[in-house]
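# Return a 3D structure for these sequence lines:
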Amino acid sequence: MLPNVLFIHPLRQMAMLLQKIQRHDAALLESALTAEQFPLWQQAQTAIGFSLRACCPLCDQVKPEFGQPKPGWADLEQQIHLSIEFLQSLKAEGFAGWQQKRIETTAGFAQLELTGEQFLYLYALPNFYFHYGMVYAIARAQQVPLTKGDFDGWHQYPEGFSFLR
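Sure thing, here's the model as predicted:
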């Protein structure tokens, strides 16, 4: 499976998750788990950005900038839409040899040099899912009624189901 394909399904799920969060309480864009963590909007924007940050160096493309400095709900929806369109436009031949490419990047203040395979599987995907997971966690902490299925698009549970009952 090519790297770009790995991000399309979860980006679509994030779009649906964000719509559900917005319908529940549009003010949650500014909510965070703790005062020193990014708010929901920035967690979402960072996850979206990681999909592009992951794929572009692996296929020798310049990372497009779709983000607003402080986006609203519609901006996040547009960023996801444009990111999916961009990822779908990437051709398989552009990824030739991606596993062995040398990728230089930063992780916080650390300078990294990784193979494409290490970069994707050990750095980019974990970071994408970390920030996407924070969106879910912030929403759940604010009592938005979400399930694991809202996050991954696969699990299904009846309304009101709880593992604790």
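# Run through the strands of this protein in chain order.
102-107, 110-115 (DSSP state E).
# what's the distance between the most centrally placed residue in the chain and Thr115?
Nearest residue to the geometric centre of the chain (C-alpha atoms, centre = their mean): Ala47, 3.0 Å. Ala47 is 23 Å from Thr115, where distance means C-beta to C-beta, to the nearest Å. In this view, the C-beta of every residue, glycine as well, is placed from N, C-alpha and C.
# residues contacting the closest residue to Leu112 other than its chain neighbours?
Closest residue to Leu112 apart from its sequence neighbours, by C-beta to C-beta, 6 or more residues apart in numbering: Thr105 at 5.2 Å. For Thr105, the contact set (C-beta atoms under 8 Å, 6 or more residues apart in numbering) comprises 53, 57, 112, 114, 119, 123.
# Thr115 is in contact with the second one, correct?
No: with contact defined as C-beta atoms under 8 Å, Pro57 does not reach Thr115; the gap is 11.6 Å.
# Need the overlap of contacts for the two.
101, 103.
# Between the two, tell me which one has more neighbours.
The neighbour comparison of Pro57 against Thr115 (other C-beta atoms under 10 Å) goes to Pro57, with 22 against 15.
# Find the nearest non-adjacent residue to the more buried one, please.
Among residues not flanking Pro57 along the chain, Ile103 sits closest, at 5.2 Å (C-beta to C-beta, 6+ apart).
# so what's the one you found up against?
Applying C-beta under 8 Å, 6+ apart, the residues near Ile103 are 57-58, 112-116, 118-119.
# show me where pLDDT drops low in the chain?
For the chain, no stretch has pLDDT under 70.
# And the helices in it?
Counting by DSSP state H, the chain has helices at residues 5-24, 40-58, 73-89, 116-118, 125-141, 148-152.
# could these go into TSV alongside distance to Phe66?
TSV is the format used below for these (distance: least, C-beta to C-beta, whole Å):
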stretch	distance to Phe66
helix 5-24	12
helix 40-58	8
helix 73-89	4
helix 116-118	23
helix 125-141	15
helix 148-152	23
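# Would you mind finding the most buried of these?
Most buried of the helices of the chain by mean neighbour count (mean count of other C-beta atoms under 10 Å) is helix 40-58; its value is a mean of 23.
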